[in-house]
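Novice: Pasting the sequence and the predicted coordinates here, then a few questions.
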Amino acid sequence: MIRNVPKFRLAKEYGRSLRLDDDAERKLLVVAEQPLRDVIILMRDTGMRNERELYRTRIENIDWNGRVIFVPDSKTPNGRRLVPMTDRILDLLLVRCRDRREGWLFPSKRSKSGHLTTLAKRFREARKRAGLSESLVLYCGRHDYGTRVLKETGNLAAVMKTMGHKDVKTAMQYQHPELEIVRQALNHNNSNEKHATVQ
């Protein structure tokens, strides 16, 4: 039995510094074929893990009326969650599912599991044709999702909940210091104080 848990120095997560942002999405969608096109959009607008969550999505887990996708199994217990659907995700899924009401969202006849398991090769080919950095991976879409949601909402709890994070430190990595936000906050505060002094 080990008396104390040994400390391990973790390597920096691959692709964390790069984002699959609007510009990269535009370039990729021009050259990507299906199902990669849909996967890129889904990664950016749901923040789901591609191989563990997105490719394993079943149509039965889509709540069309509530406009959420249920993730029943994930990397961590907190990964079981509801993911909200944007308007473009709803439109995309309606087209992809058509009249199907059950089964894999991304079925694959060649896979033993019956669903898509990887698009790594197709993504590398599309990335090369789009002229993007070789360091950009599909998983960067998840990081971009976290960054955008936190920037737009300022709600760290919402980011953690929709991405399935338990640890605040993990979610905090999506918080990028931006000087303009600080400047605006201070200017807003200063103008309120000046207005109060004048009255």
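Specialist: That came in fine, so what should we check first?

Novice: Tell me the spacing between G154 and R49.
Specialist: Counting by Cβ to Cβ, to the nearest Å, the gap from G154 to R49 is 24 Å. Using the backbone N, CA and C atoms, a C-beta is placed for each residue, glycine as well.

Novice: Of the two, which one has the most company?
Specialist: The residue with more neighbours, out of G154 and R49, is R49; 19 against 11, by other Cβ atoms under 10 Å.

Novice: I figured that one was touching Y145, is that so?
Specialist: No - contact criterion Cβ atoms under 8 Å: R49 and Y145 do not qualify, at 10.8 Å.

Novice: Neighbours of L90, how many?
Specialist: 14.

Novice: Can you tell me the element it falls in?
Specialist: L90 belongs to helix 87-97 when assigned by DSSP states H and E.

Novice: If we go by neighbour counts, what in that helix is buried?
Specialist: For helix 87-97, a neighbour-count test (16 or more other Cβ atoms under 10 Å) marks I89, L92, L93 as buried.

Novice: can you put these in TSV and add pLDDT and distance to P107?
Specialist: Below are these laid out as TSV (pLDDT from 0 to 100; distance: Cβ to Cβ, whole Å):
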residue	pLDDT	distance to P107
I89	97	19
L92	98	16
L93	98	14
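
Novice: Serialize these to JSON lines and add fields for distance to L82.
Specialist: Formatted as JSON lines, the buried residues of helix 87-97 follow (distance: Cβ to Cβ, whole Å):
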{"residue": "I89", "distance to L82": "13"}
{"residue": "L92", "distance to L82": "18"}
{"residue": "L93", "distance to L82": "15"}
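
Novice: all helices in this protein, in order from the N-terminus.
Specialist: Assigned by DSSP state H, the helices in the chain fall at 22-31, 36-46, 87-97, 120-130, 140-153, 156-163, 168-172, 179-198.

Novice: Pretty sure A126 sits against P35.
Specialist: No - counting by Cβ under 8 Å, A126 sits too far from P35 to count as a contact (11.9 Å).
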